[in-house]
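Q: coords below, sequence missing:
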């Protein structure tokens, strides 16, 4: 590998604003904002609006569309549309 061309890969804390969950991981992302972690060390922190802790797909709280009911309502509403009286 060439030296001095790769970004620094360091520990960082991501703070999920939706659920309040914080998790420590490693990333090339940086931030001027810092937080003291449970181990007593200070790490940069990045606030994210949504993560796997709060996203409906991962939490199982997905809203399922009632497409069958919508189609039935549409057909009932327009069943006589275009017919000659």
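A: Done, it's in. Just so it is clear, the model here is predicted, and its values are computed rather than measured.

Q: next, residue 24: secondary structure please.
A: Secondary structure, DSSP: H, G, I helix; E, B strand; the rest coil: residue 24 is strand.

Q: skip the chain neighbours and tell me the closest residue to it.
A: residue 13 (5.3 Å; C-beta to C-beta, 6 or more residues apart in numbering). C-betas here are computed from N, CA, C, even on glycine.

Q: check which residues of the helix or strand encompassing the one you found are buried.
A: Assessed by DSSP states H and E, residue 13 sits inside strand 10-16. For strand 10-16, burial by neighbour count (16 or more other C-beta atoms under 10 Å) applies to 12-16.

Q: so where's the longest helix in this protein?
A: Counting by DSSP state H, the longest helix found in the chain is helix 67-77.

Q: how far does that helix sit from its chain's centre?
A: Its chain's C-alpha centre and that of helix 67-77 lie 32 Å apart, by C-alpha atoms, centre = their mean, to the nearest Å.

Q: packing partners for it?
A: Here helix 67-77 touches no other helix or strand, going by 3 or more C-beta pairs under 8 Å, 6 or more residues apart in numbering; DSSP states H and E.

Q: average pLDDT for that helix, rounded please.
A: For helix 67-77, mean pLDDT rounds to 79.

Q: so what touches it?
A: Applying C-beta atoms under 8 Å, 6 or more residues apart in numbering, helix 67-77 has no contact partners.

Q: also stretch 4-16?
A: 21-31, 35, 37, 43-51, 53-54.

Q: ok so, going back, quick one: strands adjacent to the strand holding residue 13?
A: Strand pairing for strand 10-16, using DSSP bridges, gives strand 22-27 (antiparallel), strand 42-48 (parallel).
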